[in-house]
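*Asks:* predicted model and sequence follow; I will ask about them next.
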Amino acid sequence: GYAVAKHGNRSVSSQCGSADVVEALGIPIDLPPETVQPSLEETHFAFLFAPAYHKVFKTLQPIRQKLAENGSRSVFNLLGPLLNPVQPNVQIVGVYNSKLTEIICNVLKELGLLRAVAVHGFVDSSHESGLDEFSNCGPNRLSQLHSSGHVETIDLDISVVGLKASYLHDLKGGDKNKNAEIITGILKGEIKGAPREFVLFNASAGFVLSNLATDLKDGIAKAAAEIDSGRAWKKLEQVREFGRKHAGTHKPTRIKVDTAWLKLEREKQKRHTAIVTSPISPDEKKEE
């Protein structure tokens, strides 16, 4: 698999935020920053609670909640992924408006990322409403930053990656406990159908951008193999155990992540992936 450094927050504009569901899965969200590196190295996962690293998030929360009450989305919905303290060299960002995918992808390019995807998934063929995720309900607008620096935008039909269209109500979640229950069921292989395919589709892009899959269809197959083999569930248990071991060890007042080791890995990847084919679409074969 690939390492994931998730920078997230509690719910502000939705029923459940990433921090809420991570916590409901039994993973501490308040681990001290000195655990980030060992967590990534040992478990290939780390959760960075946004307000702990960016105090301004707490200040802005009442404003964001007011906007959410009025049904408005704003730039605040885009800031979190762009401010990840780990400074990843590969990133997937979901955006709430299809017109923003290319803009965000170019921002990621300016931030120095090697490869990235910004995606907006439509909930049906009308292109009228969508998700800030890959959607298995309709087409997907995505912009991809290639390792050459070229940004390409395409509309991807889910049939290309071997998926059949699902209905949005098939993906309905709930509060943090309900969502944690669904995730648990998927990782244990107990939940199939649309929810599982949604997870596989979103995981597939990570495999592609990490050069572990040739395209999204291959990425879906690799993600399915992780679940079906039981490795995905074991990974969750490993992350939980790491959290239990390090919870409450130390909470400094000034938080800073040492990313020197990640920068070394970044330079290493630049040397070894100067020319990389990381196609999001199976039809794209030409190297950049």
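*Replies:* Good, I have the coordinates.
*Asks:* ok, His7 to Arg141 distance?
*Replies:* 23 Å (Cβ to Cβ, to the nearest Å). From N, CA and C alone the C-beta is placed, and that goes for glycine too.
*Asks:* how about the strands in the stretch 1-150 of the chain?
*Replies:* 4-8, 45-49, 90-94, 115-122, 130-131, 140-145 (DSSP state E, counting those that start in this stretch).
*Asks:* these into CSV, with extra columns for distance to Asn106 and mean neighbour count?
*Replies:* CSV is the format used below for the strands of the stretch 1-150 of the chain (distance: least, Cβ to Cβ, whole Å; neighbours: other Cβ atoms under 10 Å):
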stretch, distance to Asn106, mean neighbour count
strand 4-8, 20, 19
strand 45-49, 24, 23
strand 90-94, 12, 23
strand 115-122, 9, 25
strand 130-131, 20, 23
strand 140-145, 8, 26
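*Asks:* what's the weakest-modelled helix or strand in this structure?
*Replies:* helix 260-272 (a mean of 48; mean pLDDT, DSSP states H and E).
*Asks:* I'd assumed Arg10 was in contact with Gln65.
*Replies:* No: with contacts counted by Cβ atoms under 8 Å, Gln65 stays clear of Arg10, the gap being 10.9 Å.
*Asks:* compare those two (neighbour count), which wins?
*Replies:* Arg10 (19 against 12; other Cβ atoms under 10 Å).
*Asks:* quick one: contacts for the more buried one?
*Replies:* If you count contacts by Cβ atoms under 8 Å, 6 or more residues apart in numbering, Arg10 has them with Gly17, Ala19, Asp20.
*Asks:* just so I have it, where are all the helices in the stretch 101-250 of the chain?
*Replies:* Using DSSP state H, counting those that start in this stretch, the helices of the stretch 101-250 of the chain run over 101-110, 176-187, 193-209, 216-228, 231-246.
*Asks:* out of those, flag the one nearest Gly121.
*Replies:* helix 193-209 (8.5 Å; Cβ to Cβ).
*Asks:* what packs against the closest one?
*Replies:* strand 90-94, strand 115-122, helix 176-187, helix 216-228 (3 or more Cβ pairs under 8 Å, 6 or more residues apart in numbering; DSSP states H and E).
*Asks:* need the ones you listed in TSV with mean pLDDT and distance to His44, can you?
*Replies:* Below are those laid out as TSV (pLDDT from 0 to 100; distance: least, Cβ to Cβ, whole Å):
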stretch	mean pLDDT	distance to His44
strand 90-94	96	13
strand 115-122	98	18
helix 176-187	98	15
helix 216-228	98	12
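*Asks:* export these to TSV and tack on distance to Thr101?
*Replies:* Shown next, in TSV, are these (distance: least, Cβ to Cβ, whole Å):
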stretch	distance to Thr101
strand 90-94	9
strand 115-122	4
helix 176-187	25
helix 216-228	16
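*Asks:* would you tell me which of the ones you listed gets closest to Val151?
*Replies:* strand 115-122 (8.9 Å).
*Asks:* quick one, the closest one and helix 193-209 angle?
*Replies:* Strand 115-122 and helix 193-209 meet at an angle of 160 degrees, taking axes from the mean of the first three to the mean of the last three Cα atoms, to 10 degrees as the criterion.
*Asks:* listing partners with orientation, what would you give for strand 115-122?
*Replies:* In the sheet, strand 115-122 lines up against strand 90-94 (parallel), strand 130-131 (antiparallel), strand 140-145 (antiparallel) (DSSP bridges).
*Asks:* okay if I get the ones you listed as JSON lines plus distance to Ile103?
*Replies:* Shown next, in JSON lines, are the strands paired with strand 115-122 (distance: least, Cβ to Cβ, whole Å):
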{"stretch": "strand 90-94", "distance to Ile103": "11"}
{"stretch": "strand 130-131", "distance to Ile103": "16"}
{"stretch": "strand 140-145", "distance to Ile103": "8"}
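*Asks:* what pLDDT does Ile158 get?
*Replies:* For Ile158, the pLDDT comes out at 96.
*Asks:* could you pull up phi and psi at Ser210?
*Replies:* For Ser210, the backbone dihedrals are phi -90, psi 10 (criterion: degrees, to the nearest 10).
*Asks:* tell me, how many residues neighbour it?
*Replies:* With other Cβ under 10 Å as criterion, Ser210 counts 17.
*Asks:* and it, how far from Asp124?
*Replies:* 30 Å.
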